[in-house]
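Peer 1: Fold the stuff below for me.
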Amino acid sequence: MSFTALHRALGVGPGSLTDELLDAAVAAGVTETNDLDWKSELPPAKGLPQTDFPKDAAAMANSGGGVIVFGVCESQKAATERVDVGEVDEAHERSLRSAAIAAISPPVFGLNVHRLGAEGNRAVVVEVPASLDGPHLIYKNEYFGAPVRNDSDTVWMRERQIEAVYRVRFDERRHATEALDALFTEASTGRDTDKRAWVIAVAHPRIPRFRDRLTRDGARAVLSKAGELALVYAGRGGVHPLESVDRLNPRPGLRRWVAVNTATGGRSVWKESWASIHHDGSVTLAAAVGGHRMSSDGYFEGWQIESSAIECAVADLMALVRATAEATDNDEYAVRVGIA
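Peer 2: Model prediction:
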């Protein structure tokens with residue numbers, strides 16, 4: 001689901017970008033803003049990096065994200081009517097994403113391209129995500145500039161604005177490191193690292209999107225989906241931590257859901273694992289990787305680690321991140337993995 005300038009202007013909650021939503025916005029004469037730009041024509045796929053599209057995408061990214069709508073005429077900033085942008089195929093979509101990467105520095109990743117309408121009324125909506133990697137620069141030969149939205153116009157940043165945006169980028173990196181350190185320390189607490197090695201894996205959304213917290217059913221669905229994805233990523237070649245936690249009955253914790261360890265018996269404790277999904281979209285995974293069983297009655301030493309255990313733990317983390325991101329509408333994550 002998305003919550004864009006179109007949703008906000010029409011007073012509707014988060015949802016999909018649909019043809020009906022666009023029709024309603026045009027009928028209401030929604031005006032352009034910092035995060036909404038009407039365009040009547042879609043630039044051709046050939047030579048797209050040389051068009052205004054990279055500048056428009058960079059300006060949106062530098063302004064906190066937004067949507068560029070191709071296929072709507074405007075007058076005095078207000079939408080007036082739909083126009084057809086022509087046939088748009090997957091190659092054209094790839095060209096749009098490629099231009100946002102190749103023609104902008106640093107690249108703008110994560111563009112969502114939506115094709116709406118039928119022949120005679122086709123439109124394309126490009127969602128540009130908020131970015132903390134600004135300022136995103138456009139280069140013309142040996143010159144460069146940082147575009148930014150000023151209400152309905154795209155202008156160029158002044159030196160002080162560029163300085164301020166760089167400061168935000170550096171502050172974000174510091175805060176992300178602090179958030180990961182806190183999650184890592186928290187996930188490590190209570191683990192018997194004096195007896196055996198543990199892999200501690202944590203991830204934090206770079207721009208947390210605080211929506212309604214996941215319900216127990218929502219957390220259960222995320223854990224179940226992550227367990228299935230992990231097997232796609234790494235297969236059955238090792239021990240998956242997510243198979244040693246209670247995925248069907250997550251328990252409430254401090255601003256999170258906790259999947260507690262189920263490997264508690266004398267013959268199972270060697271694969272002890274814990275996982276959690278925080279309400280802000282962060283996730284943690286702690287799994288014993290030292291002292292695994294090597295035969296029916298033999299175990300490795302606590303300092304001995306099989307590489308497959310690390311591979312499965314990383315696969316489980318990435319699966320948990322992906323499933324959580326989809327459920328909480330987060331996208332970019334900072335990740336830290338280590339052995340304690």
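Peer 1: and the gap between R94 and A100?
Peer 2: 11 Å (CB to CB, to the nearest Å). Where C-beta positions appear, they are placed from N, C-alpha and C, glycine not excepted.
Peer 1: The two - which one has more neighbours?
Peer 2: Legend: neighbour count by other CB atoms under 10 Å for R94 and A100, higher for A100 (26 against 12).
Peer 1: hmm, who's touching whichever strand or helix holds that one?
Peer 2: When elements are assigned from DSSP states H and E, A100 belongs to helix 90-102. Identification of contacts with helix 90-102 by CB atoms under 8 Å, 6 or more residues apart in numbering yields 42, 45, 48-49, 51, 53-54, 57, 107-109, 111, 113, 115, 126, 128.
Peer 1: Mind jotting down where the helices sit in the stretch 201-340 of the chain?
Peer 2: For the stretch 201-340 of the chain, the helices defined by DSSP state H, counting those that start in this stretch cover 216-234, 307-328.
Peer 1: So for the shortest one, what gets flagged as buried?
Peer 2: If I follow you right, that is helix 216-234. For helix 216-234, the neighbour count (16 or more other CB atoms under 10 Å) marks 218-220, 222-223, 225-227, 229-231, 233-234 as buried.
Peer 1: do stretch 51-70 as well
Peer 2: 53-70.
Peer 1: contacting residues around F170?
Peer 2: Contacts of F170 (CB under 8 Å, 6+ apart): none.
Peer 1: Longest helix in the protein, by number of residues?
Peer 2: helix 159-188 (DSSP state H).
Peer 1: Burial check on the nearest residue to R256 once chain neighbours are set aside, number of neighbours?
Peer 2: Leaving out its chain neighbours, the residue that sits closest to R256 by CB to CB, 6 or more residues apart in numbering is H278, at 4.3 Å. H278 is flanked by 24 other residues according to other CB under 10 Å.
Peer 1: how close does H278 sit to A219?
Peer 2: 10 Å.
Peer 1: A287 is in contact with R191, correct?
Peer 2: No. Counting by CB atoms under 8 Å, R191 does not reach A287; the two are 9.4 Å apart.
Peer 1: Which residues are in contact with each of these two?
Peer 2: By CB under 8 Å, 6+ apart, the residues touching both R191 and A287 are W198.
Peer 1: Who has more neighbours out of those two?
Peer 2: Neighbour count, other CB under 10 Å: between R191 and A287, A287 has more, with 29 against 18.
Peer 1: Distance of the nearest residue to that one once chain neighbours are set aside relative to Y143?
Peer 2: Closest residue in space to A287, ignoring its immediate chain neighbours: P241 at 3.7 Å, by CB to CB, 6+ apart. Distance, P241 to Y143, using CB to CB: 51 Å.
Peer 1: who's more crowded, the two?
Peer 2: Using other CB under 10 Å, the more surrounded residue of P241 and Y143 is P241, with 30 against 7.
Peer 1: Was I right to think the more buried one contacts A275?
Peer 2: Yes. Shown here, P241 and A275 form a contact pair, counting by CB under 8 Å, at 7.0 Å.
Peer 1: Between those two, which contacts overlap?
Peer 2: 285-286, 316.
Peer 1: any chance of the residues you listed in JSON lines, with pLDDT too?
Peer 2: Below are those laid out as JSON lines (pLDDT from 0 to 100):
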{"residue": "L285", "pLDDT": "98"}
{"residue": "A286", "pLDDT": "97"}
{"residue": "D316", "pLDDT": "97"}
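Peer 1: if you look at the contacts of helix 90-102, which of them are in strands?
Peer 2: Secondary structure from DSSP state E places 113, 115, 126, 128 of these in strands.
Peer 1: Got a ChimeraX select line for the buried ones in these?
Peer 2: Buried subset of these, written as a ChimeraX selection, criterion 16+ other CB under 10 Å:
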select :113,115,126,128
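Peer 1: which two from the ones in strands among the contacts of helix 90-102 end up farthest apart in space?
Peer 2: With CB to CB as the measure, no two of the ones in strands among the contacts of helix 90-102 lie farther apart than R115 and V128, at 16.4 Å.
Peer 1: Out of the helices of the stretch 201-340 of the chain, which is closest to T154?
Peer 2: helix 307-328 (29.6 Å).
Peer 1: For the closest one, buried residues please.
Peer 2: 308-325, 327-328.
Peer 1: cool, and stretch 178-189?
Peer 2: So, applying 16+ other CB under 10 Å, buried residues of stretch 178-189: 179-180, 183-184, 186-188.
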